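Enquirer: Provided below for reference: sequence and predicted model.
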Amino acid sequence: MNNKENYIEYVKNNYENEAQKLLLKHIELFFNPSEITKNKYNVGDSVFLKKGTHMHGIPGMLESFDWVISNGFIGNDFTNHSVANKIKSSIGMWDIQEDMYLKDYINKYSGFTIVYTIGRGPGSKEVSELIPYHKFDEYTEKINDDENIWMYWGDQTKEVRFLPSLVANKRQIAFILNMESDYAKELVKNDVWNPNLSEETVKPFIDYRYLEKFLKERQSRNAMTTDRETAIMFGLPPCLIEGVFVGRKIEQDKEALDYIKSKLPDCYICNLDGKVIVGN
């Protein structure tokens, strides 16, 4: 599928009631974009992410880049992609939870997600946190000395799998989306994770094998589940792209950087140090 009419037909054939209504409304918004004001940066500047900024990483080097800037960020169901997602007909985004520099965000998610129990037995409480890059030993030494913490375990952060990171080269390109406009705020209301949406509304978007877990997690999200993702129904338009965030491989590839800039002349390009390497 590659046009509005096909997207609308897919929704009408696969959704009904409130879910269909929201998707159709969202598609209309998507195809009627509004101008946004983008933050301007010079080479060497540190990128600052305001709360609510969205980020999205893509696989490969430049294979998916052209498609995204031409079509936008659209859920796999609409694009005949072979990879099925647990949350259907939506696009996953990383939602910045507080004002912070990109460098600090990268350092934080390039670390580790840890879960520990306070107390033991039926009355114990689980707590999850993000441990910044190279802080694992320091943190575990601290909790090992805490008599109230009984056990702990952990996992890599999900961002390491989907964004450029300090510890993996799986992703080399991510987009930074400016979500400050009224237009962008209207789009993100249609987030499957939004607890204000009824259970009946979100059920059609969830793979049945994940439904029970999702409904529980939606009401009590934490660092492990995670509490920093959105799943925007249908997708987000390319006009929201403010910057391109690249990994070390792309950073060293001048031809690739020139290509990215030629396609997005009003956007900046930044690296894993959180610094602008091509201004806008």
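Expert: Now that the structure is in, tell me what you want to look at.
Enquirer: mind listing the strands in the stretch 151-280 of the chain by residue range?
Expert: In the stretch 151-280 of the chain, the segments counted as strands under DSSP state E, counting those that start in this stretch are 173-177, 229-233, 235-236, 241-246, 268-270, 276-278.
Enquirer: Turn the ones you listed into a markdown table, including distance to residue 120.
Expert: C-beta coordinates here come from the backbone N, C-alpha and C atoms, glycine included. Shown next, in a markdown table, are the strands of the stretch 151-280 of the chain (distance: least, CB to CB, whole Å):
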| stretch | distance to residue 120 |
| --- | --- |
| strand 173-177 | 40 |
| strand 229-233 | 31 |
| strand 235-236 | 44 |
| strand 241-246 | 42 |
| strand 268-270 | 45 |
| strand 276-278 | 49 |
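Enquirer: Would you mind saying which of these lies nearest residue 112?
Expert: strand 229-233 (17.6 Å; CB to CB).
Enquirer: ok, and what's touching that closest one?
Expert: 22-23, 26, 54, 73, 75, 87, 89-95, 158, 187-188, 190-193, 205 (CB atoms under 8 Å, 6 or more residues apart in numbering).
Enquirer: circling back: dump the strands of the stretch 151-280 of the chain to JSON lines, plus distance to residue 256, mean pLDDT and mean neighbour count.
Expert: JSON lines is the format used below for these (distance: least, CB to CB, whole Å; pLDDT from 0 to 100; neighbours: other CB atoms under 10 Å):
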{"stretch": "strand 173-177", "distance to residue 256": "9", "mean pLDDT": "98", "mean neighbour count": "24"}
{"stretch": "strand 229-233", "distance to residue 256": "28", "mean pLDDT": "96", "mean neighbour count": "24"}
{"stretch": "strand 235-236", "distance to residue 256": "24", "mean pLDDT": "96", "mean neighbour count": "24"}
{"stretch": "strand 241-246", "distance to residue 256": "8", "mean pLDDT": "97", "mean neighbour count": "24"}
{"stretch": "strand 268-270", "distance to residue 256": "10", "mean pLDDT": "98", "mean neighbour count": "25"}
{"stretch": "strand 276-278", "distance to residue 256": "11", "mean pLDDT": "98", "mean neighbour count": "19"}
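Enquirer: so how many other residues sit close to the closest residue in space to residue 227 that isn't next to it in sequence?
Expert: Closest residue in space to residue 227, ignoring its immediate chain neighbours: residue 221 at 3.9 Å, by CB to CB, 6 or more residues apart in numbering. Neighbour count for residue 221, taken as other CB atoms under 10 Å: 16.
Enquirer: any idea how far residue 49 is from residue 221?
Expert: Remark: distance between residue 221 and residue 49 (CB to CB, to the nearest Å) = 20 Å.
Enquirer: likewise residue 180?
Expert: Per CB to CB, residue 180 is found 11 Å from residue 49.
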